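no sequence for this one, just the structure:
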């Protein structure tokens, strides 16, 4: 073969390489496109996953909200069941759970605890309210001071250290009668100012005929016997002489039920106990001067302040709550000075003695404790004996003006009185048909007022050793939750679950006026010890209000 006839191989090899390179490029481009598609799919999957995670978060939050709503609904149903049980017991149907009361914290030791909020199940909506300036201080021409009633009601007692007060009093005519007779107004010679009907030491009852005033139609009451505000009105009893006028001074709105109200000794400040916090207001200009709240308790759980009391010098405030502790606050520094521990159940009532030496507390644990609060020592624990009644939780305490005697109302329908120095029980006052929710001493230190779930008030004569009571006050349509007395002793104030406040004449048992100024139960009432004739109300409608009462001719 000739060498000239042989073909060269190089061009063929180059073509093959180029072909292979094209194939590689094509595959690379294909892989690149596949990678782009995969990345796009991955991004899409991540977006869907994030969306599903967010949706799961929303579902989880919705479940939590539903669980919270279910718990609230359960609580409302339980409260409604308790309210119905109370109504049944009011009609004489005895239920095995004991005295009508709410059970916020559970039953312990077989005792169903009563919180102070006795609320309406269907309160009407709020309306506008007035908050006008306070009137000028009343003049001293309200009448002569009441006849002084001195001396202890007990054999070894000491005179009551009461100071003269501005008087707003009716010179009520009443006929003295035997203690088992009915007291009627409008007959016989007028009584001495400040006197009360005489009570025989051999008989136990002085009752009063009721007028049915609370059942009267407001439209039928004469115009000069009623007063109306933007969202309140007062009806004066047309069957007795009108001595007073009443007006709204201040309204304080809160975020929860107002469980208790109390004035300072000089009448300058008002304390209102609510959920978790106590608010202190200036009674003249309505300014909020302090908010006392124990931050260590947390804000996620309810902790209702069920009782408050100012020290006589106005520098400290005692508060009692559901956590069994008594906190002594330094008001100026807005911090806790001392915590008194020893009660085993909720603190329902507190009161300083007038000289400030002791503090008395009442609890659902069936005890009253007398404290040397400055040193934090418990001086006496006054126990209600187990054999007395099956349900003797203490709902209210009071100290006599001279500081010698301590009274307590309890769920077992009984009012008890002890010697504050020795701790000896002196009185066991029976007569109420249902739990006693409030007690207060009259300024004379010889008589005691009590309010009960039986819808009545009673005025007890102390020191007779025969369980005597002077008056029975009837007229409220529902539970009487709180009672107070004016400093001059001329009026008794009561607040009720019927949303009303009534002013009573202790000499006759007659109502002077009935005030409707809240949209829910009036849980607490207080009269100012200062020179200005004021009273305060706290309600389940989340409001505290300050009112003035003065003579009609002032």
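Cool, got the structure. Since the structure is predicted, the reported quantities are computational estimates derived from the model, not experimental observations.

For residue 501, identify the helix or strand it belongs to.
strand 500-504 (DSSP states H and E).

I meant to write residue 464 there.
Counting by DSSP H and E, residue 464 is part of no helix or strand.

Okay, now the sheet partners of the strand holding residue 501, with direction.
Note on strand 500-504: by DSSP bridges, its sheet partners are strand 492-496 (antiparallel), strand 511-516 (antiparallel).

which residues are contacting it?
214, 244, 457, 473, 475-477, 491-496, 510-517, 522, 525, 535, 537, 549 (CB atoms under 8 Å, 6 or more residues apart in numbering). To be clear about C-beta, it is placed using only N, CA and C from the backbone, and glycine gets the same treatment.

For stretch 325-333, which outside residues touch it?
For stretch 325-333, contacts defined as CB under 8 Å, 6+ apart pick out 278, 280, 290, 292, 294, 314-321, 335-341, 343, 347, 350, 359, 361, 371, 373.

Wait, residue 233 touches residue 219, no?
No. Using CB atoms under 8 Å, residue 233 is not in contact with residue 219; the gap is 11.6 Å.

returning to that earlier point: return the members of the contacts of stretch 325-333 classed as buried.
Those of the contacts of stretch 325-333 that meet the buried threshold are 278, 280, 290, 292, 294, 316-321, 337-338, 340, 343, 347, 350, 359, 361, 371, 373, by 16 or more other CB atoms under 10 Å.

quick one: which of these sit in strands?
Applying DSSP state E to those, the entries found in strands are 278, 280, 290, 292, 316-321, 337-338, 340, 347, 350, 359, 361, 371.

mind giving me the domain ranges of this protein?
Domain segmentation of the chain under automatic domain parsing yields 11-88, 210-551.

which one of those lies closest to residue 119?
domain 210-551 (3.9 Å; CB to CB).

avg pLDDT for the closest one?
Average pLDDT, domain 210-551: 93.

how far is that domain from where the chain is centred?
Computed by CA atoms, centre = their mean, to the nearest Å, the chain-centroid distance of domain 210-551 equals 9 Å.

what do you get for stretch 73-80?
In terms of CA atoms, centre = their mean, the centre of stretch 73-80 is set 20 Å apart from its chain centre.

how about it: buried residues?
Residues of stretch 73-80 classed as buried by neighbour count (16+ other CB under 10 Å): residue 79.

Make 408 the first number, not 1, from now on.
Fine by me, first position is 408 from now on; the one you just mentioned is stretch 480-487.

Quick one: mean pLDDT over that stretch.
Stretch 480-487 comes out at a mean pLDDT of 81.

so what's the residue lying closest to residue 727 once chain neighbours are set aside up against?
The spatially closest residue to residue 727, leaving aside those adjacent along the chain, is residue 754, at 2.9 Å (CB to CB, 6 or more residues apart in numbering). Residues near residue 754 by CB under 8 Å, 6+ apart: 713, 714, 727, 728, 729, 731, 732, 733, 768, 769, 770.

repeat for residue 833
Contacts of residue 833 (CB under 8 Å, 6+ apart): 561, 812, 824, 825, 826.

Contacts only, for the fourth one.
In this structure, residue 825 makes contact with 775, 787, 789, 812, 813, 814, 815, 831, 832, 833, judged by CB under 8 Å, 6+ apart.

Any chance of these in a markdown table with distance to residue 645 as columns?
Output for the contacts of residue 825, formatted as a markdown table (distance: CB to CB, whole Å):
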| residue | distance to residue 645 |
| --- | --- |
| 775 | 42 |
| 787 | 48 |
| 789 | 45 |
| 812 | 39 |
| 813 | 40 |
| 814 | 35 |
| 815 | 37 |
| 831 | 47 |
| 832 | 44 |
| 833 | 41 |
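
are any of the residues you listed buried, and which?
Counted by 16+ other CB under 10 Å, the contacts of residue 825 give 775, 787, 789, 812, 813, 814, 815, 833 as buried.

doesn't residue 774 make contact with the second one?
Spelled out, that is residue 787. No. Using CB under 8 Å, residue 787 is not in contact with residue 774, being 9.7 Å away.
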